[in-house]
Each structure stands twice: as structure tokens, then as C-alpha cells.
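Engineer: What would the 3D arrangement of this be:
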Amino acid sequence: MNITFLMVARVTQGIDETGVAAAAHAIAIQVFQVGGIVLLALSIVAQTLVPSEMVVKIDPVTKKKSGGAHACKQTVNRLMCWGLVLGTALGALQIAILPFLSQITPLKEVQKAAVVPSYLASLFQVMNGLVFIGEGVMIGCGNFLSLSFTTIIATAAALVTMRVLPPIYGLTGVWMGFGVFNLIRLIGVIIHQNFSGPLAPRNLRKIQSSVSA
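Structural biologist: Below is the predicted model:
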């Protein structure tokens, strides 16, 4: 991930010699962080809740069981729903504050260059809400290899994209590359939760079958 962010900074600074692209990128990053910090915090929540919910607990008084893989799956589904809702809400909030870009810088060329990347940063929050929580779930499940593999593929795709698109689309191309980075991470989350992870439907069925046996 650090390689990706370093590449973003490198490409951005090489777009023009006037510093307009770099200044506009800094503004877009500030817009992005309005919601990004909140969504990143949800990743930590997922990392904590998932392993806790996976453990089967028995109430000493009522002898009632709670937790386990199926209960954890329900918790993950709720977290993902919250990620989608908050990502959409925070993205909308970021779009709402875009008219105030003129308060950040008086330079018209910087304001103009920052508009499209700032819109992309806002739209990406919908995806980020799912990505950050989904990766938190992967960490909570202990699936570090899957997470690392997905991140490596996403990084490679982002590096290629940021070599191809910025010469054509300028700073917007940089943010499009960043979108590719997050999109592939989202695909990794979807694969983990639906096919390869311990909470995927087929693995939950195996657990149910072993318990029934």
C-alpha cells in the first residue's frame, strides 16, 4: 500500500512543472480524508468483533449458547451494510462540501484541477466502506495470506494504470488508478466472504454438517 501511495505522489508531481496538479491533489486528499478516517476506524472495529464473535460462549446461568461461525457471519453482514451506508453518506457529505474548495485556495487553476479528483474521491467512499470493513474481517479471521495476495495484485494493477492513464487524463488519471487499486481490493473482499473465507456459505455448511453429525 505504501508503494501505491508513493507512486501516486511521484506521478502527481511529474504531471506538470507549475505545481498545480500537486496542489489540486493535496486538496482532493483532504476531501477524501473527511470520510476515509471514519471508514478506516470501522476496519479496526471489524478486526475486534469478528474473532470475539467466532468463539462459542455459554451463559453459566441459562446455559444458552451464543457466538460461533453463523453468529459471526450475521455480524459481518451487519458490518458490511453499515460500511455501505456510511460510505454512501460520507461520500455525499464530501460532495456537499465541494463548493467550498474556493475557501481552501484562491487559485482558480488549482480549484478547477481539483474538482474531478474530489468527485472521484467522494464516489470511492462507497467502495471504501466495503473494502475497509471487508479487510478488517479478513484480519479478524486470520486470513493474512489472502489479504496480502489481494493487496499485491491491487498494487500491481494500480502501478500499471498510473503509468498509462495520467499522460492522457492528468490528475484525474491518477485518481482513476487509485480507484482500480480499491476496486481490486473490493473483489478480494467479495471472494473471501463468498467463496474462500471461513465464513463463506460453503464453509458454514461444512461446519453445520459436522455439528449435526
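Engineer: Would you map the helices across the chain?
Structural biologist: Here the chain has its helices, by DSSP state H, at 2-13, 20-54, 69-97, 108-140, 144-164, 166-169, 171-191, 201-212.
Engineer: out of these, deepest packed?
Structural biologist: Ranked by mean neighbour count, these are led by helix 108-140 with a mean of 22 (mean count of other CB atoms under 10 Å). Every C-beta, even on glycine, is put in place using the N, C-alpha and C of the backbone.
Engineer: State the mean pLDDT of it.
Structural biologist: Averaged across helix 108-140, pLDDT comes to 94.
Engineer: start at 38 instead
Structural biologist: Okay, residue one is now 38; in that scheme the one you just asked about reads as helix 145-177.
Engineer: Dihedrals phi and psi, the closest residue to residue 110 other than its chain neighbours?
Structural biologist: Distances taken as CB to CB, 6 or more residues apart in numbering place residue 236 nearest to residue 110, at 4.7 Å, with adjacent residues excluded. When read as degrees, to the nearest 10, the backbone of residue 236 gives phi -100, psi 10.
Engineer: can you pull the contacts of residue 236?
Structural biologist: 106, 109, 110, 113, 174, 178, 230 (CB atoms under 8 Å, 6 or more residues apart in numbering).
Engineer: counting contacts, what elements does the helix or strand of the chain with the lowest mean pLDDT pack onto?
Structural biologist: The helix or strand of the chain with the poorest confidence is helix 238-249; it has a mean of 78 (mean pLDDT, DSSP states H and E). In terms of contacts (3 or more CB pairs under 8 Å, 6 or more residues apart in numbering; DSSP states H and E), helix 238-249 is packed against helix 106-134.
Engineer: which other helices and strands contact the helix it packs on?
Structural biologist: Going by 3+ CB pairs under 8 Å, 6+ apart, helix 106-134 lies up against helix 57-91, helix 145-177, helix 238-249.
Engineer: same question for that helix, mean pLDDT?
Structural biologist: On average, helix 106-134 scores 94.
Engineer: hang on, the earlier thing: for the residue nearest to residue 110, give me the pLDDT.
Structural biologist: So residue 236 comes in at 94 (pLDDT).
Engineer: TSV for the helices and strands packed on helix 106-134, including distance to residue 39?
Structural biologist: Shown next, in TSV, are these (distance: least, CB to CB, whole Å):
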stretch	distance to residue 39
helix 57-91	15
helix 145-177	15
helix 238-249	32
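Engineer: looking at those, which is closest to residue 222?
Structural biologist: Of all these, helix 145-177 sits nearest to residue 222, with 4.9 Å by CB to CB.
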